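Undergrad: A predicted structure for the sequence below; I have some questions about it.
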Amino acid sequence: MNLLEHQLDYPWAERVPEPGRTIELAPGVRWLRMGLPFALDHINLWLLRERDEAGREGWAIVDCGITDDATRAAWEQVFEHELQGLPVLRVIVTHMHPDHIGLAHWLTERWGVRLWISATDWNAARMASQATTGFGGETAAAFMASHGLTDPAAVAKIRARSNYYASMVPQVPRQFCRLMDGDRLRIGAHEWRCIAGYGHAPEHISLYSDSLGLLISGDMVLPRISTNVSVIDLEPEANPLPLYLRSIDALRALPPETLVLPSHGKPFRGLHARIAQLDAHHEERFADVRAACAREPQTAASLLPVLFRRALDLHQTTFAMGESIAHLNALWLAGELRRTLGDDGVIRFQTR
């Protein structure tokens, strides 16, 4: 553990669910984990004991994993061993990223149930599954080149990733039930309040149960890594980082002893401490960007070694570029930096 993690409490220590199995965290709340083919190699998913309007007992699934054979096989193991012979009655997705919504179409069709998600993220997922967006294809390559990522090999690889999203989310359910901030869902014996968050995804929905003292935080609050907050080619002048910071600061209204169920990492207590850590992390990164831009004009690409002090593979580099642009845009739109377009077609930022 790093020093910051010592400020958090992990009730289950190093224990994690075995593939295709679950761990009960509270009555009617089970934790399962699916693999991912990235450096961030897993996603946490959740089963909530459910009862529908007809009185049928079953389960609600929260988040789905990506579309691939390994994830389907892991779900089949869960269905066989962990549902106590009961059906799935609802599929809830926190947001539109592939590891969360990828298998929603398969799960909803398999069980004949509805997808529950924010309208913004449902629409974003539908669009992205039908055309490249954000981290692959011609427009993404051109956008990142305009921010200084001009290495021919990297640009060619990004250009070639034209089906990046669709490869993990080939379909999105055609119908859905809309989740909005403040909505209250009755899931089994407990009520869960929807909390919308912004910056990481268009309209991310976390779920909080006061009776259980649990927050299913999705990607908004993670215990060990900072949530990716990116600017992508679809909205090149976006300013997501202040939105994200305001969203997590709003979670301070929840009790400090809340048990946080994150999408990556392990369940933990210490929500307020973690929010403070994330605020401090981004303020440090802002200070680094200010200092670099005071020395000389900077591109998002030239700031990668300043913001990310480790080697990055291509997958990580695309996300890092999005984060670098997010920090620069925030300071530019706040009036702290000047943005110029050079004769070489590259955007640079410097202190006013």
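TA: Sure, I can see it.
Undergrad: where exactly do the helices run in this structure?
TA: In the chain, the helices defined using DSSP state H lie at 69-81, 98-101, 104-111, 119-130, 138-146, 152-160, 164-168, 240-250, 271-295, 304-307, 314-333.
Undergrad: select, out of these, the one closest to residue 53.
TA: Taking CB to CB, helix 104-111 is the member of those nearest to residue 53, at 16.0 Å. Bear in mind the C-beta positions are built from the backbone N, C-alpha and C, glycine included.
Undergrad: now the helices of the chain in JSON lines, with mean neighbour count?
TA: Formatted as JSON lines, the entries for these read as follows, by neighbours: other CB atoms under 10 Å:
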{"stretch": "helix 69-81", "mean neighbour count": "15"}
{"stretch": "helix 98-101", "mean neighbour count": "27"}
{"stretch": "helix 104-111", "mean neighbour count": "20"}
{"stretch": "helix 119-130", "mean neighbour count": "20"}
{"stretch": "helix 138-146", "mean neighbour count": "20"}
{"stretch": "helix 152-160", "mean neighbour count": "15"}
{"stretch": "helix 164-168", "mean neighbour count": "20"}
{"stretch": "helix 240-250", "mean neighbour count": "19"}
{"stretch": "helix 271-295", "mean neighbour count": "16"}
{"stretch": "helix 304-307", "mean neighbour count": "16"}
{"stretch": "helix 314-333", "mean neighbour count": "22"}
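Undergrad: save the ones you listed as TSV, and put in distance to residue 179 and mean pLDDT too.
TA: Converted to TSV, the helices of the chain look like this (distance: least, CB to CB, whole Å; pLDDT from 0 to 100):
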stretch	distance to residue 179	mean pLDDT
helix 69-81	22	97
helix 98-101	13	98
helix 104-111	13	98
helix 119-130	8	95
helix 138-146	29	93
helix 152-160	33	88
helix 164-168	21	91
helix 240-250	15	98
helix 271-295	21	98
helix 304-307	33	96
helix 314-333	25	94
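Undergrad: including distance to residue 189, could those helices go into a markdown table?
TA: Below are these laid out as a markdown table (distance: least, CB to CB, whole Å):
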| stretch | distance to residue 189 |
| --- | --- |
| helix 69-81 | 22 |
| helix 98-101 | 25 |
| helix 104-111 | 21 |
| helix 119-130 | 28 |
| helix 138-146 | 45 |
| helix 152-160 | 48 |
| helix 164-168 | 34 |
| helix 240-250 | 27 |
| helix 271-295 | 23 |
| helix 304-307 | 45 |
| helix 314-333 | 39 |
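Undergrad: contact partners for residue 335?
TA: residue 352 (CB atoms under 8 Å, 6 or more residues apart in numbering).
Undergrad: so it versus residue 352, what's the distance?
TA: If you measure residue 335 against residue 352 using CB to CB, to the nearest Å, the figure is 7 Å.
Undergrad: do the same with residue 345
TA: Taken as CB to CB, the spacing of residue 345 relative to residue 352 amounts to 23 Å.
Undergrad: again, but for residue 268
TA: 41 Å.
Undergrad: between these two, which one's more packed in?
TA: Counting neighbours by other CB atoms under 10 Å for residue 268 and for residue 352 shows that residue 268 has the greater number, 25 against 10.
Undergrad: does the more buried one touch residue 221 like I think?
TA: No: taking contacts as CB atoms under 8 Å, residue 268 lies outside contact range of residue 221: 9.3 Å.
Undergrad: shared neighbours of the two, anything?
TA: Taking CB under 8 Å, 6+ apart as the contact criterion, the residues that touch both residue 268 and residue 221 are 260, 262, 274.
Undergrad: many thanks, we can stop here.
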